[in-house]
Structures are given as C-alpha cells and as structure tokens.
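Undergrad: The following block contains a protein sequence and its predicted model.
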Amino acid sequence: MKIDRTNPIWRFHGITPMAIFFFAYLYLPIIVLLVLSFNENRLATIWTGFSTQWYSVVLDNSDMLRAAQNSLVIGLSATVIATIAATLAAMGMARGRFRGESGVAAMLTLPLLVPEIVTAIATLLFFIVIGVKLGLISIIAAHTVFCIPFAYLPIRARLDGMDPALIEAANDLYANEWQAFKRVTFPLLWPGILSGAMLSFIISLDDFVISYFVGGAGSTTLPIYIFGMIRIGITPEVNAISALMLIISIIFVSISFLIDRIRY
Amino acid sequence: MEFFTRHKRFWLIAPAVVYIGFFMGLPLLQMAYVSILERGTNGGVNWGSLSFDAYISFIFDRDLMDNLIINTDYLQIFLRSFELSALTTVLALILGFPTAFYIAMQPQSRRNMFIFLVTIPFWTNILVRNYAWMLLLRNGGLIDNLLNTIGLDTGGLDLLYTPYAVSIGLTYTYLPFMVLPIYASLEKLDHRLIEAAFDLGANKRKAMTRIILPLATPGIIAGSILVFIPCLGAYVTPELLGGGKFMMIANLIGSQFGAARNWPFGAALGFVLLALVLIAMMVYSLKFKKLPENAS
C-alpha cells in the first residue's frame, strides 16, 4: 500500500494497529453471536454445523411471542407520544432566545443524565404512591420520558440547520403560520422527525432496567424475557433470539441514519 | 427569525416539559423525600415520620444494644464501583484515543462511515451485548478454546464472573462515548500543524504531547466523564458478567426494592448516585462551558 505522506498517521506507528484492534474488539462479539446462532449443536458454543433450527424453535415459543408483542405495543405507544411532544418542543425551542431557555433545555435532556436505575426506582415508587397499576401502561408512561430527548435532539438539529430565509420568504408571500409550517417547515423537517421516532422506538425496544422495575405480571417485555433466559444459562435459543434482536436494532439504526442524511 | 410568536412557543414547549416534569421531576423529588422517611415494618415506608436512618445505615449498623457499629459492606460496594469505573475509563481511553485520532485523519468521505461503525453497537440491546461477551469469556468459550488450540492449557480461565469480565463488558458498552468527543475535538485538526512540528525538528513524542494531545484534551475530559458516570450506574453488566457476585451501586439500589425491601435505603442510595452525577456534570459544564455536540 502506498503511504499517503500528507496524512500524519504514517508517522505514528501504533495508531493504525490500535484502531484495527478497536474495531475487532467492537465487532468480534457481535460476529461470534451471529455465527453461533446458526449452530446446530445443542451446546451453544461448539460449532458442529449450519442450521436455522433454533430460529424456528424461538419463533414457535408463544411466551416469547407474547413478550415481543408487549415490546411492540410499548415501543409504538411511547414513540408516538414522545415524537409528537418532541416535535412541538423542538419547534418552540428553535431560533430566538427567551428567558429560562437553558433551564427548559436542561429539563428536556434530563432523562439522558439521570442514571437508569435511579429513574427506575424513582418511577416505581411514584407509581406505587399515586396508585398506578404496574403493567403495560406504567411502562409506556416511563418509556415516553426517555424517548422524548432521543426524538427531540435529531428534530432540533434539523430545525437548526434549516435556512431561516425560507420561513421569512413564506411570510413575505402572505403564508400564515400554519401554511408556512405545512408547506415549508414540515417537508424539510420530516426526515428529522422520522429519524427521531426510529431512535425512540429502538431505545424503547431495547430498554431493560426501567421496564424490569416498573413492569408487573403480564407485562413481560422481550428484554425481560431474554434476561430470564440468560439467567438460566447459555443456550442456543438465547443465541437465536439475541441475534434477532441484534439484527432488528442494526436495521433500524441504519435506516434512521440514512433518513437523517436526506438533504434539505 | 422565529417560527412562531412568543406565547405560541410557550404552548408548543409545554407538553414535553410538563410530561418530563410529572413523570421524572416529581418521582425524583419524591425519591429524595422517601430517603428521609422511616422504614415500614413490613417493607414500604411510614409516611410522615422523618428519619436519617437510611443515610446512617450506609456506614453504621445497629447492634443488639442499639449501639452504632461501623459496617463497611456498602462502602466497599461504592469503592468497587469507583474502581471498576476508573479502570473502565482508562481502558476506554487507551482504546478510544488512537481510534479517534485514526478516524480524524481519514479523508472526509470515509469518516462518517467509521463514526457510524463506532455507534452501531451502542444502539443494540445491552443484554445482547453482554450475552455475547458471556459466550466469549466463559470456560469452553471462544477465548478459552483459542488459548487451548495454540497449546496453552489453561484448565479453564474462569474469566467470566470476575471483576475483569465486568470491566471488559463496561468498556465495550461505553467505548463510543469516549471515541465521539475525542473525534469531535480532533476533527478540525489541520494535518499541516503536525507536519510543521516535524519540520521544526519535533520528534514523535513532542508532536504528540505538544500538538495533538493539547487539542484533544477537551474531548478526552468530556469522554472520560461520559464513560465514568454511566459506569457508576451500570446495572446489567455486573449482573450478567459479574454473575451477581460483584455488586455495583445500581445492583445494591435495585436489591432494596426486591428481596431486601428497604425503600428508604434504596432511595437514599439512588439520591446519592444522582447527586454524584449531577455534581460531576455541573462542575464540568461550569469549567468547560459547553458539552461537545456528540455528548448526548
């Protein structure tokens, strides 16, 4: 390979091997998991041959399917509520400063700062005290909280990147606020909204700690179900279901990033 | 130019803020209140009867004569959490800095792809990530097998369910938080600056310590905080890779709402953890003004 003399990393010999090691460290576990999920052997870590049987075993498991259904219901509900609230908030926050703005901004990102376990137990105590029954509803309410900042940040970033002259032009041409929103802002904003919604959904789908504490009987989510399985032991079923979760997450995140790159 | 008039903006922002205030602000305030309540006899709390028992029991036990004796069990868990978080931060820095530097030196077109590769594991399920490490670390797992094949008879490494396993898992989980801010601070680094240093007779070490590291420092500080803080609150990794034998703060908190049923103590621990996080963030933002954009 020809050395690019204008790029200073050739001078620092350790850098490239470290970076290679870094990406190997990052992706080795993922690759091993994916490979072993197609292993036919009952012993989950010894390779004997290719098979997709564990996927069919997992997809036939009615408890797992019910958990997956719960996760979907929770994820969709939390995403819809959070995305609507986040879009409105981003529209209100973008451009033009106001008094107390930094306080409001801090409030909107608070859920990212508070350690998950603290959120989990505080919310659990709160629901017990105000008498909310622990179940799907309580999980949806709790998930919506941390979905809001995940939806808010990409939407806000997109709004901030928009050319303010466009709205001014719309106003100059006698569009009222609603028309300006519908005809100018929204068509430019939707990739941000969609990307934020997808991130919220994936974060909700993946959440374990909060669901574990604020859930109740009958509201087992997919991660809680997987946690229970891992606790029992390393089995090919867990390999398959983990690989499925992994693939779903990667697909969602990739789509979200692609959407976010759509030009203004 | 504003999108909306002032009073309309208020109503746009209100739902999100009120929602977070109600479902997160209020619960946190209530948790602080529960932490100074008396523990109920059958679990739960005695509303209205204030007591600092929860905070006292962090360090002291009461013996049969009702004397306070020092009990270091909980302190040890805190100490272990700090040690593991510090170790993880150092490991993440050792791995993360060269990688961030490497990515920052790539042509613009390739950088985004690398950054995307760094963030992908972050978006995958934390249980799945930790489970993958269980497959690698356990006796008869991949690492054990590899060592045996190359002739090292380990007789079972017993890597899984050790503090090392926890630290490896934590490093894996929080690595992107180290790479992204360092990358952000090195991204604008002009190659010619480094060339100039060499032209002026600097050796590698000089170029690194006088040019690259000073530029990377804000990113290194941000990254270290962003790794250290979530590590302190880690729940899943110690549970799975530590096998529940090496509790960290979050596991201790969680157990107060399970078998131990000591809500005030759990709330007090939660409050202390939250205070540590908020203080660290406040010191950071006062000292370094603004978080880099990748921080969140």
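TA: That came through, no problem. Model, not experiment: these values are computed from the prediction.

Undergrad: Going by C-alpha atoms from here, please, whenever you check contacts or count neighbours.
TA: Noted.

Undergrad: Name the spans of the stretch 1-150 of chain A whose pLDDT lies under the cut-off.
TA: Along the stretch 1-150 of chain A, the parts satisfying pLDDT under 70 run over A:1-10, A:43-46, A:96.

Undergrad: Helices along that one, start to end?
TA: A:15-36, A:53-59, A:62-93, A:101-113, A:116-130, A:136-160 (DSSP state H, counting those that start in this stretch).

Undergrad: Can you lay out those helices as JSON lines showing mean neighbour count?
TA: Formatted as JSON lines, those follow (neighbours: other CA atoms under 10 Å in any protein chain shown):
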{"stretch": "helix A:15-36", "mean neighbour count": "18"}
{"stretch": "helix A:53-59", "mean neighbour count": "17"}
{"stretch": "helix A:62-93", "mean neighbour count": "21"}
{"stretch": "helix A:101-113", "mean neighbour count": "17"}
{"stretch": "helix A:116-130", "mean neighbour count": "21"}
{"stretch": "helix A:136-160", "mean neighbour count": "24"}
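
Undergrad: Take those and write them to TSV, including distance to B:Phe60.
TA: Converted to TSV, these look like this (distance: least, CA to CA, whole Å):
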stretch	distance to B:Phe60
helix A:15-36	43
helix A:53-59	49
helix A:62-93	42
helix A:101-113	30
helix A:116-130	23
helix A:136-160	34
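
Undergrad: Tell me which of those helices lies nearest to B:Glu187.
TA: helix A:15-36 (15.8 Å; CA to CA).

Undergrad: The residue lying closest to A:Ala170 once chain neighbours are set aside: which element?
TA: Nearest non-adjacent residue to A:Ala170, counting by CA to CA, 6 or more residues apart in numbering or on different chains: A:Ala180, 5.9 Å away. In this assignment (DSSP states H and E), A:Ala180 forms part of helix A:177-180.

Undergrad: Only C-alpha atoms, please: export that helix in PDB.
TA: These are the backbone C-alpha positions of helix A:177-180, laid out as PDB (Å, rounded to 0.1, in the frame of the first residue of the first chain):
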ATOM      1  CA  GLU A 177     -48.100  30.300  10.400                       C
ATOM      2  CA  TRP A 178     -49.900  27.100   9.600                       C
ATOM      3  CA  GLN A 179     -49.400  27.300   5.900                       C
ATOM      4  CA  ALA A 180     -45.700  28.100   6.400                       C
END
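
Undergrad: And it, what does it pack against?
TA: On a contact count with 3 or more CA pairs under 8 Å, 6 or more residues apart in numbering or on different chains; DSSP states H and E, helix A:177-180 meets helix A:164-172.

Undergrad: and the helix it packs on, which residues are buried?
TA: For helix A:164-172, a neighbour-count test (16 or more other CA atoms under 10 Å in any protein chain shown) marks A:167-168, A:170 as buried.

Undergrad: ok, the closest residue to chain B within the stretch 151-264 of chain A - contacts?
TA: Going by CA to the nearest CA, chain B is nearest to A:Asp206 of the stretch 151-264 of chain A, at 5.0 Å. Neighbouring residues of A:Asp206 by CA atoms under 8 Å, 6 or more residues apart in numbering or on different chains: A:223, B:124-126.

Undergrad: switch the cut-off to 6 Å
TA: Neighbouring residues of A:Asp206 by CA atoms under 6 Å, 6 or more residues apart in numbering or on different chains: B:Asn125.

Undergrad: Show the pLDDT at B:Cys231.
TA: Note for B:Cys231: predicted pLDDT of 92.

Undergrad: Looks like it contacts B:Leu84 (just checking).
TA: No - the criterion here is CA atoms under 6 Å, and B:Cys231 misses it with B:Leu84 at 8.0 Å.

Undergrad: Compare these two and say which is more crowded by neighbours.
TA: More crowded of B:Cys231 and B:Leu84, by other CA atoms under 10 Å in any protein chain shown: B:Cys231, with 27 against 23.

Undergrad: Check which helix or strand the more buried one maps to.
TA: Using DSSP H and E, B:Cys231 falls in helix B:213-232.

Undergrad: Residues contacting that helix, please?
TA: So helix B:213-232 is contacted by B:81, B:85, B:89, B:174, B:177-178, B:181-182, B:185-186 (CA under 6 Å, 6+ apart).

Undergrad: from those, which two are the most distant?
TA: The most distant members of the contacts of helix B:213-232, if one measures by CA to CA, are B:Ser81 and B:Leu186, lying 30.6 Å apart.

Undergrad: Show me what counts as buried in the helix holding A:Ala180.
TA: Across helix A:177-180, burial judged by 16+ other CA under 10 Å covers A:177, A:180.

Undergrad: Check the offset of it from the chain's centre.
TA: Chain-centre distance of helix A:177-180: 31 Å, with CA atoms, centre = their mean, to the nearest Å.

Undergrad: and the residue of the stretch 151-264 of chain A closest to chain B, what pLDDT?
TA: On pLDDT, A:Asp206 comes in at 90.
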